[in-house]
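S.K.: Here is the input, now give the coordinates:
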Amino acid sequence: MGILTKAAYDTLACASMEEGLALTGVTDFMALVIDVAVAPPSATDLRATTHLRADMPVMIMTAGHSEVGTAVAALRDGYHDFITPPFDERLIQAIERASETPR
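M.R.: Residues are numbered from 1 along each chain as shown. Presented below is the predicted three-dimensional model:
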C-alpha cells in the first residue's frame, strides 16, 4: 500500500488470508487492512472467526467500489472502518483512528 509507505507506515503485504493471520500471532500490527475481495475465508467471514483472539489488531476493510450492504455488514461484524477508493488521506485517517482504539 504505497500511500501508507509514503506516510511513513511500515507495511507488509500477504499473499493469502492464512499467511496474514499467521503473522498476527508473531508480529505486532497496528491494523490489518483487508480487501473485501480476498479469497476464502472471505473478509466478511474473517472477523467472525477471529473476534475472540486477544492478539488481533483493529481490522479495516477496503473495497474497489462502494458496497453499502457490505460496508454495513463489516461494521456490524466489528471491522473498525470500511474504505473505498481513492485510498488517500481517508485510509491514513482510518489507520490513525485505529491506533487510538484499544484492542
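S.K.: so where's this protein uncertain?
M.R.: 1, 39-55, 102-103 (pLDDT under 70).
S.K.: contacting residues around the longest helix seen in it?
M.R.: Secondary structure of the chain per DSSP state H: the longest helix is helix 89-99. The contact list for helix 89-99, computed with CB atoms under 8 Å, 6 or more residues apart in numbering, reads 1, 3-4, 7, 9, 30-31, 33, 57-58, 60, 62, 80-81, 83. Bear in mind the C-beta positions are built from the backbone N, C-alpha and C, glycine included.
S.K.: again, 10 Å this time
M.R.: 1, 3-4, 6-7, 9, 29-33, 57-62, 80-85, 87 (CB atoms under 10 Å, 6 or more residues apart in numbering).
S.K.: Filter those residues down to the buried ones.
M.R.: Among these, the ones that count as buried by 16 or more other CB atoms under 10 Å are 3-4, 9, 29, 31-33, 57-62, 80-84, 87.
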